[in-house]
Structures are given as structure tokens and as C-alpha cells.
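J.: model the following, please.
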Amino acid sequence: MAQIKDIFSRLYKLVFDIFFYSAALSVILGLLPDHLFTGFSQFKPVAYQNDHLFRGLEGQPWNDDLVSKAKLLGVDELYGPESLHVIGDYVYTGLADGRLVRVHKDSEKIEEIVNFGAAVDGCAPGVISKLVKCGRVLGLRHHTDGFLYLVESGSGVYRVNLTTKSKEHLKWKGQTEGSAIYNDLVFDPTDDGLLYVSVSTAKWNLDQIAWSIVEHDTTGYVLAVDLKAGKASKVTDGQALLNGLEISADKKHLLFSVTNDYAIKKIPLKDVREAIKSGTVVPESKVTLFGKLLPGEPDNIRLDESTGDILVGMFTTRPDSKLFRDYLTNWPFTRKALARTAYTLSVALKYIHENLYPNHGLETLSWDLYSGHIVYKLLPKRDGAVIKLDGVTGEVKRILGSSKFNSISEAIVDPATGDLYYGSFRNTFIGRIKKGDH
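T.: Residues are numbered from 1 along each chain as shown. Below is the predicted model of the structure:
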């Protein structure tokens, strides 16, 4: 008995020592000057509110429809199929390894269309730890001119000829690359040459976007790009991870999702066009909430033209109440200390892997800590969702939930069949739910 007590005593002391010295190290790192953290000095977290998450789903039933009613396509072959577009017999999607591919709806055969990392050393199908180097295809739109338009996260907008499988970079005056994350796009409903492009953050590259979320970075904005004149101007700025874009069913509003504010916002298009002409940003008083704050973080938004509803891909939802990390919103120093600890460990592990002890496990852990993906991995592996919003009021009409995965990025409805497809920036499949089941 004495030996057992001694073992538990030693174990307790070990656990206490690990916790104590780890906490002390984190506090010290949090207090150090910013300039000592080269490559991470821009991390400056702020306090923000999310008390609405206590309300859960506000009477909407939670379910497992994304699992129980879906067929999964391209399992373990589609690495982060974030944005989707249906053209004829194919579902087009961009992947985290730099490729644009299409999936045949019946045979499920996967075919590469373009590859941003084709001529880059170290890039290959399935390599997702080199997002900046290999490219990342995000928003997709098929335009009336027959081209598929896409956003590459680091370099901007491209036009793809689906017949020749060639891409053309559409640059504009004053465009900078590598200092912003381009995310989504949508065409103006009346001006054929006017394109709206979302920029999620002007501080972080895509391989560290998770830290933008932890920080509550508010450098996101919308660009209005005149493709004919080759120039662009800001429509709105100061947004906390601005994400998906869409035009409302009545074609009167520009809608955009703000991930870190749990919101879909709207701006009257007449005010957008006036701001473009005057070269100014739309006044904040003209930017309003579309419906209510959402029970989680929204990603891309798409119009279901058959109903006028807005489909919202939800990274995570809170079916009941807050998660542990939600309680840290009013503790910016704690978030700063933990983030700096993760970054410091990533640098140390990378050095060990590259110079002392090459090991794939160390390399993976170093990447997870550097990129902030460790935050994703600590989340519950559930609670991804697609939320249907009334296209006029923005009220929640239905929630399609998941008990097995999170990170839902986008949902679209096939205009030919009525089937719903959903994608993810982290999962390795596309889900399809038949018409009548969604």
C-alpha cells in the first residue's frame, strides 16, 4: 500500500511540475517584447464578445443529416475541397494541395484541371503543408462568358478555360501578392465586368490563418475589381476574417460572411456602386447584420436559386452552449501566451528535425504548432453544419448537422438535380445529399 501511495505521490508531483513550469514558461513568453518573435510579432490578440453562443440553436433541432443522409465522394482523395461549383455532369472544387479538379457526379472519377504547384519542388497531390508555396484554390464561379473564375489565396483571381485546361491571371493596378489572403468572389448582377473579391486578412498568410482567428484580427475587406479597366477599390474594411460572398436573391444586396463575428452582413448594392464611383469605402452605418448572429463560425455562403435561401457552411456550431476556447475571448493575454508558446515550440521542433533528429512525427507537430492547426485538432471532431437562411429576412430555416466532423466550408445546390453538395477546408471528401433529404 505504501508503494502505491508513493507512486501516486510521485505521479502527482510530476504532473504538477509539468503544469507549473509550462504555465510559467507561457507567461514569460507572453511578457517578452514583440520584436523577439520574428515571423510572429504581428500576433496581437484583442478581447471580443460571443455571449450569444450561450443561446445554442435557439429552438432549432440538432441532427446528423450531413452524415446519415449523405453519400461521401472522393474519400481520402480530395484534400480540403473548400469551394464547389456544378457544371454539367461534374462538381468542380479546389484542393489544399494546389489543384483544381472535377469529380464526375456518377462515376466519381477525379480529373485534374489545373495545378498551381505543378512546377514547384516539393508540391504533389496530398501535400497540404505548403499552402503558400504550392497554391490554394478557394472561391469558384462559372461566368456567362464560359470561363470558370477562381481565387488563389496568395495571388488573386484567375480565369480558367475548361476545354484547354489553361489558366490566366487577372491582375489589377496596385495589387500586392503575399501580403493578404484572397478568399472568395462573386460577379455584380448588372455590371458584367465588375467582380467582388473578399480578402480575409491583410496580416497573415494562409498557412497561419488559424492565428488570425485566435487573435481576432480585423484587417479583412471586400474589393470591387473592374476587370475591364484593371483596377480595384475597397468596398468595406475592418472586418474580422471576412470570408464568403454572395448576391442576394433580389439582386439588391452584397452579402458577406464575417467568420470571427459569427455573422452574415449585407450592403445595398446601390451604396456599393456609389462608393466605387467616389473612391471611398461604404460607411459603416450602411453595413448591417443579415438576420441574427449565428451559433458558430460561418465560412462560404451561396444562394440556392431554386428557393432563394442562403446556404451557409459552418466551420463549427454550438448546439448547446460555448466550447472551452470560447471562454478565452475576454482573456487576450492568455491567448497571446499560449500562441507564443506554440510558435516557440514549433521553431524548436523544426530545428531538431532538420539538424539533430529527422523525424516525420516531429515535422508534423512542428507544422501543426506553427500554422495553428493544433487549434483545429483540439476541437471536438463534430458539429460542422450547413445552415439554411431565409433569403429575405436572414432567419434560420433549417440546420443540417454532423456528429462526426467539423470544418464545413460551403454548400451548393445542383440546379439540374436539386441535390446538395457540401465541401470542407480540412476534410477529405465531398458530401452529397439527394433532393428531398435536405
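J.: what's the mean pLDDT across stretch 290-302?
T.: In this model, stretch 290-302 has a mean pLDDT of 96.
J.: span of it from start to end?
T.: Between the start and the finish of stretch 290-302 there is a gap of 14 Å, counting by Cα to Cα, to the nearest Å.
J.: for stretch 424-438, which residues meet the burial criterion?
T.: The neighbour-count criterion (16 or more other Cβ atoms under 10 Å) identifies 424-433, 438 as the buried residues of stretch 424-438. Every C-beta, even on glycine, is put in place using the N, C-alpha and C of the backbone.
J.: just the mean pLDDT for it, thanks.
T.: In this model, stretch 424-438 has a mean pLDDT of 96.
J.: re the thing from before, of the buried residues of stretch 424-438, which belong to strands?
T.: Using DSSP state E, the members of the buried residues of stretch 424-438 that fall within strands are 424, 430-433.
J.: so where's the stretch 151-300 of the chain shaky on pLDDT?
T.: Along the stretch 151-300 of the chain, segments meeting pLDDT under 70 span 176-179.
J.: strands along that one, start to end?
T.: When assigned using DSSP state E, counting those that start in this stretch, the strands of the stretch 151-300 of the chain occupy the ranges 156-161, 166-170, 182-187, 194-199, 220-226, 231-239, 242-247, 253-258, 263-268, 288-289, 296-304.
J.: the last one pairs with which strands?
T.: The pairing partners recorded for strand 296-304 under DSSP bridges are strand 309-317 (antiparallel).
J.: show me what the helix or strand following the partner strand is packed against.
T.: On the C-terminal side of strand 309-317, the closest following helix or strand by DSSP states H and E is helix 332-351. Based on contacts counted as 3 or more Cβ pairs under 8 Å, 6 or more residues apart in numbering; DSSP states H and E, the elements that helix 332-351 packs against are helix 2-31, helix 209-215, helix 360-371.
J.: ok, and what's touching the second one?
T.: The reference is to helix 209-215. 40, 43-46, 181, 200-201, 203-204, 241, 259-260, 297, 335, 339, 371-373, 375-376 (Cβ atoms under 8 Å, 6 or more residues apart in numbering).
J.: measure the residue nearest the centre of the chain to A342 for me?
T.: The geometric centre of the chain, computed from its C-alpha atoms, lies nearest to D299 (Cα atoms, centre = their mean), at 5.5 Å. Counting by Cβ to Cβ, to the nearest Å, the gap from D299 to A342 is 23 Å.
J.: kindly report the same for I387.
T.: Computed as Cβ to Cβ, the I387 to A342 distance reads 31 Å.
J.: who's more crowded, those two?
T.: A count of neighbours by other Cβ atoms under 10 Å puts I387 above the other of I387 and A342, at 28 against 22.
J.: name the nearest residue to that one, sequence neighbours excluded.
T.: Using Cβ to Cβ, 6 or more residues apart in numbering and skipping residues adjacent in sequence, the residue nearest I387 is V312, 4.4 Å away.
J.: just E305 next, same as before
T.: The shortest distance from E305 to any non-neighbouring residue, by Cβ to Cβ, 6+ apart, is to P415 (6.4 Å).
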